[in-house]
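Asks: A structural model of the following input is requested.
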Amino acid sequence: MKIMEKVLKNIEKVDESQKAQMQEYVDGLLKPMGSLGVLEGIAVQVAGIDPELFNKPTKKAVLVFAGDHGICEEGITSAPQPVTALMTNFIANGKSGVGAISRQAGADVIVTDVGVNATLDNPNVRNKKVRFGTGNMVKETAMTREEAVQALEIGMETALEMIDKGYNVLATGEMGIGNTTPSSAIFSVFGNIDPQEVTGIGANLSSDLLDKKSEVIRRAIEKHQPDPQDPIDVLYKVGGLEIAAMAGAMLAGASKKVPVLIDGFISSAAAAIAVKMDPCVNDYLICSHASAEKGAQKGLELIGFKPYLYMDMRLGEGSGAALAFNVVDAAISMVNNMGTYAEAGIDVV
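Replies: From the prediction side, this is the model:
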């Protein structure tokens, strides 16, 4: 709890004066005003977070957190639970989608086990296991409140460690069979909407099981009555350990004035937790892409995020966020390398 208290205490609003200055500078670049669209918006956002990012190379990392889910007992996933351990190892060994995309973007992938339901003997996986998977939330809370805090703090510690190592742009990713279910539950609680509206097929769930998945979420919410005004209450009752860790990483990034790219549906659920814990975090998060998962758009609307990439992706792992590293680098390059009207001696009214 001491780590959390310190992190939350250090989160401040972004610098609006720096954003205004960057907006003026971007408007003066040799182009029609607004013609580089998203790149201009990212440049302004980055300036508000840390203007020094324009003066040094970006060092990028995807922080992937892995955990299993007791809700899989209800038969609402297309893949068996042991796939979590299998894929966590593949991600850690650079053989997954996020690994391939991160390599192209010049980013590292850091994998942390916070709740895989297996013992992983892999030197590339950081062992920070809170417990061997969450509980089945239709029968019991997903975890205890203390475990939720522990997972949040593991995410914070991981992000702070990477920032201390010089990483200045982070992204969050996850691995956990069944984790679209707690993500849908989180958005259902925060949005006070029926689970059906934010529940999708996950990893290719058949249509006949989709209604069952929504009903399972509905039952869990009715049983535990999570308080939408208390994000940790929501997290421990119907959330996931890797979701908690991602939220912690986002909070820690904000506390150190480091931008954090969020990935798809599950990462967005973690962002919803982080923003509920401190609304200032919103301005430190860069929403990378529009996940093809059904509830993703609704979830993004609930937290006021606008995605930049529309790639029809729903892999997870942090793959969409890794792809968006290129967009952030392009925005920084735009600022650093384009000429200005002033340099060209042109007056623009």
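
Asks: Which residues does the host helix or strand of K213 contact?
Replies: Element membership of K213 [criterion: DSSP states H and E] is helix 207-224. Applying CB atoms under 8 Å, 6 or more residues apart in numbering, the contact partners of helix 207-224 are 71, 74-76, 78, 137-138, 141, 181, 184-185, 188-189, 194-196, 199-202, 205, 237-238. C-beta here means a position set from N, CA and C on the backbone, and glycine is covered the same way.

Asks: Kindly write the ChimeraX command that selects the buried subset of the residues you listed.
Replies: Buried residues among those (16 or more other CB atoms under 10 Å), as a ChimeraX selection:
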select :71,74,76,137,138,141,181,184,185,188,189,195,196,199,200,201,202,205,237,238
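
Asks: quick one: average pLDDT of stretch 264-283?
Replies: Averaging pLDDT along stretch 264-283 gives 96.

Asks: next one: stretch 188-208
Replies: pLDDT averaged over stretch 188-208 gives 78.

Asks: on that earlier part again, after the helix holding K213, which helix or strand is next?
Replies: Using DSSP H and E, the first helix or strand after helix 207-224 is helix 231-238.

Asks: Would you mind identifying the next helix or strand past that following helix?
Replies: In N-to-C order, the element after helix 231-238 by DSSP H and E is helix 241-255.

Asks: Give me the sheet partners of the following helix or strand past that following helix and which way each runs.
Replies: Using DSSP H and E, the helix or strand that follows helix 241-255 in sequence is strand 260-262. Partners of strand 260-262 in the sheet, by DSSP bridges, are strand 169-175 (parallel), strand 285-287 (parallel).

Asks: and among those, the most buried is which?
Replies: strand 169-175 (a mean of 31; mean count of other CB atoms under 10 Å).

Asks: who are the neighbours in contact with the residue lying closest to Y308 once chain neighbours are set aside?
Replies: Counting by CB to CB, 6 or more residues apart in numbering, V38 is the residue found nearest to Y308 once chain neighbours are left out, at 4.8 Å. By CB under 8 Å, 6+ apart, the contact set of V38 is Y308, V327, A331.

Asks: For the second one, which residues are in contact?
Replies: Spelled out, it's V327. Contacts of V327 (CB under 8 Å, 6+ apart): V38, L39, I42, S288, Y308, L309.

Asks: That one and K31: what is the separation?
Replies: With distances taken as CB to CB, to the nearest Å, V327 is found 17 Å from K31.

Asks: And H289, by the same measure?
Replies: 25 Å.

Asks: How about G37?
Replies: For G37, the distance to K31 - CB to CB - is 11 Å.

Asks: more crowded one of these two?
Replies: Neighbour totals were compared for G37 and K31, and K31 leads with 16 against 9 (other CB atoms under 10 Å).

Asks: In terms of secondary structure, what does the lowest-mean-pLDDT helix or strand in the chain contact?
Replies: None of the helices or strands of the chain scores lower by mean pLDDT, DSSP states H and E than helix 296-303, at a mean of 84. If contacts are counted by 3 or more CB pairs under 8 Å, 6 or more residues apart in numbering; DSSP states H and E, helix 296-303 sits against helix 180-191, helix 265-277.

Asks: Minimum distance to Q104: which of these has it?
Replies: helix 265-277 (19.6 Å; CB to CB).

Asks: Can you list the low-confidence ranges for this protein?
Replies: The model of the chain has pLDDT under 70 over residues 1, 200-208, 349.

Asks: Buried residues, the helix holding K213. List them.
Replies: Buried residues in helix 207-224 (16+ other CB under 10 Å): L209, L210, K213, S214, E215, V216, I217, R218, A220, I221, H224.

Asks: What is the nearest of the contacts of V327 to S96?
Replies: Among these, and counting by CB to CB, the member closest to S96 is S288, at 17.0 Å.

Asks: Name the nearest residue to that closest one, sequence neighbours excluded.
Replies: A324 is the one closest to S288 (CB to CB, 6+ apart), at 3.5 Å.

Asks: Number of residues surrounding the one you found?
Replies: 26.

Asks: isn't it right up against L285?
Replies: No - applying CB atoms under 8 Å, one finds A324 not in contact with L285, separated by 11.6 Å.

Asks: Please identify every residue contacting each of these two.
Replies: With CB under 8 Å, 6+ apart as the test, A324 and L285 both reach L261.

Asks: on that earlier part again, which of the contacts of V327 count as buried?
Replies: Here, 16+ other CB under 10 Å leaves L39, I42, S288, Y308, L309 buried among the contacts of V327.

Asks: Nearest spatial neighbour of the last one, chain-adjacent residues omitted?
Replies: Counting by CB to CB, 6+ apart, H289 is the residue found nearest to L309 once chain neighbours are left out, at 3.8 Å.

Asks: Also the second one?
Replies: Taking CB to CB, 6+ apart as the measure, I42 lies nearest to A331, with 3.9 Å between them; neighbours along the chain are not counted.

Asks: Could you look up the SS state of the one you found?
Replies: helix (DSSP: H, G, I helix; E, B strand; the rest coil).

Asks: Check what contacts the least confident helix or strand of the chain and list those residues.
Replies: Applying CB under 8 Å, 6+ apart, the set of residues contacting helix 296-303 is 183, 187, 190-191, 193, 197-198, 200, 264-265, 268-269, 271-272, 275, 282, 287, 290, 306-307, 314.
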